[in-house]
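A.B. asks: Please find the sequence and the predicted model below.
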Amino acid sequence: MEKNIEKIHETAMRILGEVGVRFLHPEILEYLRQNNVQVSEDLAFFTKEQILAHVAKAPAAFTLHARNPKYDMVIGGAHHECAVGYGCPTIINAAGDRRDAVLEDCLTFTRLVQQSDLFNINGGILAQPADVPPDRSHLVMLYAALALSDKCLMGIPGPAGHIQETMEMLAIAFGGRKNFTARPHVLTMISTISPLVVDQMALDSILSCCAHNQPMIISPAPAAGTTGPIGLAGNVALAAAEALATIAVIQMIRPGTPVIFGLQSYGADLRTGNIAIGSPAYAIQAGYCAALARRYGLPSRCGGATTDACAVTAQSGYESMMSMLTSFQNGINLMVHSAGILDSFAGISYEQFFVDLEIIKRIKYYQNGIRIETDADLGFDLIQSVGPGGEFLTTADTVQKCRTHSFLPDIGDRNTAPGESVNAKFLSSIEKRMTSALDAYHRPAFDPALQTEIEHYLVDTAGVDRFIINHINANHPINYPGRG
């Protein structure tokens, strides 16, 4: 792989120097000119030296700070973190039936993420609510994450006005602008438009994040054969060029701003033109993302439990497992879309969410491998005491370790009765697991004065309907929003 990485790197440098990247924002073009980057109208051409010098200013790792310090995340180095699905407007049930997501779905997923010990980050677009005005939904979803969770925060990019509102609200939540900008609190995903365009909305978000010293995931997403070359090497090189150019711009604006090198280089189904996120092509490219990030001394983001399946099926299991296992094996630092995604990002599923939690749990157990710290771990004395023809089930060693050493599935079934529907039992197990998690949910404490100030900002300044805020804050029994 090492030789391939160098060839891809050199190709990315040629793209940046000979083809260029389009930046659709006059203020960004001025930053480029001030840093001696060649600009022709809105097209920027970088030398290798310019790119590497500016990229080197970004930290190799950084800490994202949560309201509750126990959820603080180190992103980079040997650390690996997962975040759930992001950006879906549709709820898909186990059978593949669909409906528009509503606010209650967003709140339910927020509670489920808070309850899971597999995630230290919450928020973002867990489910885009159709019953909230689109121009206020970014504030509503972020407030829900603040009010119902005390984990790290995933932000939401947008035009200048929206991202500024987000930063103003978060500054209140973290005790004022000075405290907020002193360290990273919210992680925002910045998407380029392949091939080789960074649009005004992405650049507005970048300017605001830099102004408030908040970290970003730079996430090009070319699909091999449609928005990128069909050859995977060229597709990765294109994505790397987009990411490096964008990261260089960020470092020109505010040197030292934390960034994540986050290639989402997909396959494509050329029978339809759709992206193929469950393809082995995606898993292969995720490994190259991680290796390139290490080459540039940057944290990486890629992978996740991604699938093109349109329902909870064998396909949704094997595709998600492949993508997730590859992510862990390649040492990716942050894996977004780690739970719940179906149908190539078109929808999120409660049932698939719990399938993916099981996948993550299995991979973590697998990655622990066999540890031999003392001779007792080899079990010779135990084997000798049991002897030929004996049994280990009733030994004190098994009794003491049965809850810590055996892998116990949360939803998987190992014992179905004759005539019992295996699939029905499996879905019933997911239902019980979800009910148990939501019943155990307790809303984390939030400073009442800060919460009141945030609510005043949302209602009086940002124009969010008070009814929506009251609905988020209502301590009503969980009323599942019709998963089917």
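C.D. replies: Right, received. Where do you want to start? Numbers count the residues shown, from 1 in each chain.

A.B. asks: give the contact list for residue 378.
C.D. replies: Applying Cβ atoms under 8 Å, 6 or more residues apart in numbering, we find residue 378 in contact with residue 372. In short, each C-beta sits where N, CA and C put it, glycine included.

A.B. asks: Would you confirm that residue 183 contacts residue 69?
C.D. replies: No - between residue 183 and residue 69 there is no contact under Cβ atoms under 8 Å: 11.5 Å.

A.B. asks: What does the pLDDT read for residue 412?
C.D. replies: pLDDT for residue 412: 87.

A.B. asks: Tell me the secondary structure at the nearest residue to it once chain neighbours are set aside.
C.D. replies: Spatial nearest neighbour of residue 412, chain neighbours left out: residue 358 (6.4 Å); criterion: Cβ to Cβ, 6 or more residues apart in numbering. At residue 358, secondary structure determined by DSSP: H, G, I helix; E, B strand; the rest coil is helix.

A.B. asks: if you count what's nearby, which of residue 183 and residue 69 comes out ahead?
C.D. replies: Neighbours per residue (other Cβ atoms under 10 Å) separate residue 183 from residue 69, with residue 183 holding more: 16 against 9.

A.B. asks: for stretch 40-56, which positions count as buried?
C.D. replies: 42, 44-46, 50-51, 54-55 (16 or more other Cβ atoms under 10 Å).

A.B. asks: wait, stretch 157-171
C.D. replies: In stretch 157-171, counting by 16+ other Cβ under 10 Å, buried: 157-158, 162-171.

A.B. asks: Dump that stretch to CSV, keeping only the CA atoms.
C.D. replies: Extracted in CSV, the C-alpha atoms of stretch 157-171 (Å, rounded to 0.1, in the frame of the first residue of the first chain):
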residue,chain,number,x,y,z
PRO,A,157,-23.3,23.3,8.3
GLY,A,158,-25.3,25.9,6.4
PRO,A,159,-25.4,29.4,4.9
ALA,A,160,-23.8,32.2,6.8
GLY,A,161,-26.9,33.2,8.7
HIS,A,162,-27.6,29.7,9.9
ILE,A,163,-24.1,28.8,11.0
GLN,A,164,-23.8,32.2,12.8
GLU,A,165,-27.0,31.4,14.7
THR,A,166,-25.6,28.0,15.7
MET,A,167,-22.4,29.5,17.0
GLU,A,168,-24.3,32.2,18.9
MET,A,169,-26.5,29.6,20.6
LEU,A,170,-23.6,27.4,21.5
ALA,A,171,-21.7,30.4,22.9
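
A.B. asks: Pick out the residue closest to the middle of the protein.
C.D. replies: residue 336 (1.9 Å; Cα atoms, centre = their mean).

A.B. asks: Hmm, that one is touching residue 189, no?
C.D. replies: Yes - Residue 336 is in contact with residue 189 according to Cβ under 8 Å; the separation is 7.4 Å.

A.B. asks: quick one: average pLDDT of stretch 97-113?
C.D. replies: For stretch 97-113, mean pLDDT rounds to 97.

A.B. asks: What of stretch 370-378?
C.D. replies: When pLDDT is averaged over stretch 370-378, the result is 93.

A.B. asks: mind starting the numbering at 361 from now?
C.D. replies: In the new numbering, first residue 361, that becomes stretch 730-738.
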